[in-house]
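K.L.:
here is the input, now give the coordinates:
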Amino acid sequence: MFKTLLTSAALFAAAVSVAPNCALTQTAEPPLGIPMDRMGSGTTWIPDAVTLPSRRLLSGAWEFMLHAFVFGQYDKQSGPRGDSQSGSLNWAMFMASRDLAGGRFQARTMLSLDAATVTPSGYPLLLQTGETYRAQPLHDRQHPHDFWMELGVLYERPVTSGLGVSLYAAPSGEPALGPVAFMHRPSAMDDPVAPLGHHWQDATHISFGVLTAGIFGRQWKLEGSAFNGREPNEKRWDFDAMRLDSYSGRFTVNPDSQWSLHVGYGFLKSPEALTPDESVHRLTGSILHGRKVGSEGQWATAAVWGSMRTRARRAERTRCCSSRRRSLTVPTRCSAGPRLSRRAPRSWCCRKVRERSTPSARSISGTSRSATSARSVVWAALRLGLVCAVP
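P.N.:
From the prediction side, this is the model:
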């Protein structure tokens with residue numbers, strides 16, 4: 001089975017990005033002197049030593065910025081679960097900033113045509129999971145991004161010489177939870193495919209409904225968000241229903257110009273449409289490093305970690321193993337004696353809950369119905385032996 005899953009993949013991609021940053025005279029000192037180049041996706045930070053390619057323009061009191069990527073892609077994933085496809089991955093970010101009421105106001109939007117250029121079902125990517133297509137969970141494919149990847153506003157204002165406050169609101173945006181989204185991460189922005197850990201680490205970078213407040217110093221930032229925990233639906237060209245039913249917090253430290261570290265926690269209410277009764281606790285962490293190479297080059301490295309735990313499944317397992325175990329009996333008859341009863345072992349009860357609550361995991365791993373039946377027969381035989389052995 002592992003030979004099937006880990007077969008080789010052939011991939012060709014060409015990336016075209018806008019020119020590097022142009023030197024501009026800032027209209028005013030940014031809040032606490034923090035450079036705008038530190039900003040990643042949403043309200044995240046990246047190391048000051050590395051930058052994202054962009055074009056900037058001053059017009060009166062406004063500063064405009066354009067950041068865009070276009071990948072031409074031929075993707076071939078071999079093996080019985082693989083596929084091949086040609087297409088294009090693309091996104092463009094537009095930002096307008098100006099001074100306002102003693103602080104800095106910023107309006108931004110990020111758009112993508114992925115749903116048209118890599119089809120509504122996305123593109124082949126072995127072992128990838130997350131979101132749905134035609135009411136079925138996607139696996140071995142990466143879903144396309146929504147057209148409205150981001151539409152929001154950010155306001156930052158210093159309150160003392162070393163402390164500032166920020167407020168971010170977005171009909172479509174990114175809450176304070178994960179690391180910098182991979183398309184804005186300096187170490188991953190040139191990758192033509194999404195990381196396999198995307199849905200454990202930074203999948204909330206498109207959330208329809210986000211409100212984030214934070215405080216920050218020159219080298220640290222503490223933020224909290226209320227946001228929509230549901231993953232985007234299959235309609236990629238419109239806005240999903242907006243709600244603030246989930247929450248998160250994130251702490252970021254930039255100790256010097258070459259490093260950026262973060263830890264985050266979030267509670268996501270009903271993130272998956274196919275399992276609406278399940279909510280998720282997510283923990284994330286990242287270490288980003290970057291440095292200049294020569295006069296125009298740069299080197300970027302990232303270590304990113306994410307973990308999820310499903311609340312509904314844990315609660316059901318607890319109820320099963322504490323209360324149901326006490327009442328569940330396994331009657332049988334031994335040929336050598338009278339009818340006997342014995343309580344079902346704890347492991348049997350918990351295993352049944354796991355099998356019912358994770359159908360998608362079984363389909364991904366390729367477990368067959370006959371294998372499940374074989375395990376049931378083996379267990380029944382063992383159970384009979386245990387009952388018959390009771391004196």
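
K.L.:
report pLDDT for Met183.
P.N.:
If you check Met183, the pLDDT there is 89.

K.L.:
let me know how buried it is, in neighbour terms.
P.N.:
A total of 24 residues lie near Met183 under the criterion other Cβ atoms under 10 Å. In short, each C-beta sits where N, CA and C put it, glycine included.

K.L.:
cool, the one 10 residues further on as well?
P.N.:
Around Val193 there are 21 other residues, counting by other Cβ under 10 Å.

K.L.:
distance of it relative to Gly87?
P.N.:
11 Å (Cβ to Cβ, to the nearest Å).

K.L.:
going on from the host helix or strand of Arg282, what's the next piece of helix or strand?
P.N.:
Using DSSP states H and E, the element containing Arg282 is strand 280-293. Using DSSP H and E, the helix or strand that follows strand 280-293 in sequence is strand 297-310.

K.L.:
who are the packing partners of that following strand?
P.N.:
Counting contacts by 3 or more Cβ pairs under 8 Å, 6 or more residues apart in numbering; DSSP states H and E, strand 297-310 packs against helix 198-201, strand 280-293.

K.L.:
if we can go back for a sec, what's the angle between the strand holding Arg282 and strand 297-310?
P.N.:
Relative orientation of strand 280-293 versus strand 297-310 (axes from the mean of the first three to the mean of the last three Cα atoms, to 10 degrees): 170 degrees.

K.L.:
partners of strand 280-293 in the sheet?
P.N.:
Using DSSP bridges, strand 280-293 pairs in its sheet with strand 259-268 (antiparallel), strand 297-310 (antiparallel).

K.L.:
could you find the closest non-adjacent residue to Gln298?
P.N.:
In this structure, Gln298 finds its nearest non-sequential neighbour in Val50, 4.7 Å apart by Cβ to Cβ, 6 or more residues apart in numbering.

K.L.:
quickly note the distance from the most centrally placed residue in the chain to Asp99.
P.N.:
Residue closest to the mean C-alpha point of the chain, counted by Cα atoms, centre = their mean, is Ala203 at 1.9 Å. The spacing between Ala203 and Asp99, counted by Cβ to Cβ, is 34 Å.

K.L.:
with Glu278 instead?
P.N.:
45 Å.

K.L.:
got it, and Arg236?
P.N.:
For Arg236 relative to Asp99 (Cβ to Cβ), the value is 36 Å.

K.L.:
and Lys235, by the same measure?
P.N.:
For Lys235, the distance to Asp99 - Cβ to Cβ - is 38 Å.

K.L.:
out of these two, which sits in the more crowded spot?
P.N.:
Using other Cβ under 10 Å, the more surrounded residue of Lys235 and Asp99 is Asp99, with 17 against 12.

K.L.:
and that one, how far is that from Pro158?
P.N.:
Applying Cβ to Cβ, the value for Asp99 to Pro158 is 12 Å.

K.L.:
could you name every residue contacting both of the two?
P.N.:
Common contact partners of Asp99 and Pro158 (Cβ atoms under 8 Å, 6 or more residues apart in numbering): none.

K.L.:
was I right to think the residue nearest to Gln298 contacts Gly297?
P.N.:
No: here Val50 lies out of contact with Gly297, judged by Cβ atoms under 8 Å, at a distance of 10.2 Å.

K.L.:
pick out whichever of these two has more residues nearby.
P.N.:
Val50 (25 against 8).

K.L.:
and the more buried one, helix, strand or coil?
P.N.:
Secondary structure for Val50, judged by DSSP: H, G, I helix; E, B strand; the rest coil, is coil.

K.L.:
which residues touch Leu177?
P.N.:
Thr204, Ser225, Ser248, Gly249, Arg250, Gly264, Tyr265, Gly266, Arg282, Thr284 are the contacts of Leu177 under Cβ under 8 Å, 6+ apart.

K.L.:
re earlier: give the burial count for the closest residue to the residue nearest to the centre of the chain other than its chain neighbours, as a bare number.
P.N.:
Excluding the flanking residues, the one nearest Ala203 by Cβ to Cβ, 6+ apart is Gly130, at 6.3 Å. Other residues near Gly130 come to 20 when the count uses other Cβ under 10 Å.
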